[in-house]
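**Student:** sequence first, predicted coordinates after that:
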Amino acid sequence: METTPTALKDIWHKCIPCKVSSFVWKALQDRILTRENLLKRGTYLENNCYSCPLCPTPFESTDHIMISCAYSNQVWKAIYKWLNFSHISQSSILDHFFEFVEKGGNKVGKAICTMIWQCACWKIWKIRNAKVFKDESPNSSRTVDEIIFCTWRWLKARNPNHFYYSSFEWMMDPVSCFPAKIA
Ligand SMILES: [Zn+2]
């Protein structure tokens with residue numbers, strides 16, 4: 001993956017909490033502890049169960065859980081709709097990242113799309129962990145609401161003078177809320 005270094009350079013931004021970008025940094029390099037990666041490292045799970053915790057797919061890989069899982073797919077589809085983006089058919093996390101960010105258009109738009117993309121990955125992983133460790137049922141529309149509100153908070157916190165929109169305005173028409181510049 002010769003484009004990985006470029007992606008890794010692009011993920012760090014003041015608006016995005018370090019813990020989120022650190023997680024994404026690992027995910028883009030396939031270093032997160034999915035069940036497939038646990039198996040590759042020689043960790044054997046109970047009942048030899050390496051399937052996706054959120055759908056019946058037999059192996060939980062990074063590309064699967066983040067992008068192509070039935071659950072993640074629902075989240076991404078709602079995010080495309082929210083941003084008025086056309087569908088992205090990439091199934092690799094890296095290709096998905098590049099295509100999603102490219103849709104941002106200009107420099108600020110791309111930075112905001114990087115932020116939204118990372119927030120979505122972070123929330124999907126949290127939902128996955130809540131299912132694995134607490135047996136909580138995933139709810140894609142709640143996850144999407146969380147992504148919308150969380151990205152609004154991140155933008156607001158770092159850009160009090162450039163980003164003055166309410167969470168309602170952000171939810172209704174995010175692209176119109178993209179500021180001229182961000183911190
Ligand atoms: Zn799945």
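**Tutor:** Cool, the structure landed.
**Student:** in three-state terms, label the residue positioned nearest the centre of the chain for me.
**Tutor:** When the chain is reduced to its mean C-alpha position, the nearest residue by C-alpha atoms, centre = their mean turns out to be Cys121, at 2.3 Å. Following DSSP: H, G, I helix; E, B strand; the rest coil, we place Cys121 in the helix state.
**Student:** ditto for Pro179
**Tutor:** coil.
**Student:** once you drop chain neighbours, what's closest to it?
**Tutor:** In this structure, Pro179 finds its nearest non-sequential neighbour in His162, 4.1 Å apart by C-beta to C-beta, 6 or more residues apart in numbering. Every C-beta, even on glycine, is put in place using the N, C-alpha and C of the backbone.
**Student:** give the contact list for the one you found.
**Tutor:** Contact analysis of His162 by C-beta atoms under 8 Å, 6 or more residues apart in numbering lists Pro179, Ala180, Lys181, Ile182, Ala183.
**Student:** what pLDDT does the residue in the chain sticking out farthest from the centre get?
**Tutor:** Relative to the centre of the chain, the most outlying C-alpha is that of Asn47, 29.7 Å out, by C-alpha atoms, centre = their mean. The per-residue pLDDT reported for Asn47 equals 75.
**Student:** helix, strand or coil for it?
**Tutor:** Under the three-state scheme (three-state DSSP), the conformation of Asn47 reads as helix.
**Student:** which parts of the protein sit against the ion?
**Tutor:** For the chain, the residues in contact with the ion (C-beta under 5 Å from the ion) are Cys52, Leu54, Cys55, Thr57, Cys69.
**Student:** let's see 8 Å
**Tutor:** Within reach of the ion by C-beta under 8 Å from the ion, the chain has these residues: 52-57, 60, 64-65, 68-72.
**Student:** which of the residues you listed fall within helices?
**Tutor:** Using DSSP state H, the members of these that fall within helices are Ala70, Tyr71, Ser72.
**Student:** tell me who's in contact with the second one.
**Tutor:** Counting by C-beta under 8 Å, 6+ apart, Tyr71 makes contact with Leu54, Cys55, Ile124, Ile127, Pro138, Ser140.
**Student:** repeat that for the first one.
**Tutor:** Each residue near Ala70 by C-beta under 8 Å, 6+ apart is listed here: Leu54, Cys55.
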